[in-house]
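>>> Have a look; sequence and predicted model below, questions after that.
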Amino acid sequence: MSRVGRVERVTKETSVLVEIDLDGTGKVDVSTGVGFYDHMLDQLGRHGLFDLTVKTEGDLHIDSHHTIEDSALALGAAFKQALGDKVGIYRFGNCTVPLDESLAQVTVDLSGRPYLVHTEPEKMAPMIGEYDTTMTRHIFESFVAQAQIALHVHVPYGRNAHHIVECQFKALARALRYASERDPRAAGILPSTKGAL
């Protein structure tokens, strides 16, 4: 059974199309108009081994906020759709990723309950190209709200803003991959004692 999600989100601010295949090979086709954000979504697909398409046209003449936020909302909804009934998955995943001087620790629970804990160094460059670094937390908030997962992201140290953000996306990719993979010992079993996720 294929685990594919497809979401189209159209507002007066943006037009977004997201497609994700959880059992892909890391093939990515992303275009949001925000170069660094495209780079982060590329990390998510490639390191998660998700086939990922994100096509966003937004009101970049204002700023990148709506484009980034709406892409993250659509991505979360598509991820939830692709998970389906969650029968037979591992459910939990974690990964620690270094990127030179920076380190990110990410843990996820595909619980059906949205919750985010996010910490990163406070003193960081405010912009990476057209990417506002304060948006990283908001991306995760938006993704979590639609995917309905618990996500804990911790960056205990780092100096370079590019590295700090990128290691978070790489660790998230791997944690989502591990959590969403099918557990061969749990075929047909929902990983929950209450019978619902």
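Good, I have the coordinates.

>>> Wait, residue 167 touches residue 104, no?
Yes - taking C-beta atoms under 8 Å as the definition, residue 167 is a contact partner of residue 104 at 4.0 Å. Backbone N, C-alpha and C define where each C-beta goes, glycine included.

>>> From residue 62, how far out is residue 84?
Remark: distance between residue 84 and residue 62 (C-beta to C-beta, to the nearest Å) = 36 Å.

>>> who's more crowded, the two?
Per other C-beta atoms under 10 Å, whichever of residue 84 and residue 62 has more neighbours is residue 84, with 15 against 10.

>>> and for residue 167 and residue 104, which residues touch both?
97, 155 (C-beta atoms under 8 Å, 6 or more residues apart in numbering).

>>> ok, residue 99 to residue 58 distance?
Residue 99 is 28 Å from residue 58, where distance means C-beta to C-beta.

>>> Comparing these two, which shows the higher neighbour count?
The neighbour comparison of residue 99 against residue 58 (other C-beta under 10 Å) goes to residue 58, with 23 against 19.

>>> Could I get the contacting residues of the nearest residue to the more buried one once chain neighbours are set aside?
Excluding the flanking residues, the one nearest residue 58 by C-beta to C-beta, 6 or more residues apart in numbering is residue 67, at 3.1 Å. By C-beta under 8 Å, 6+ apart, the residues touching residue 67 are 14, 32, 33, 34, 37, 56, 58, 59, 60.
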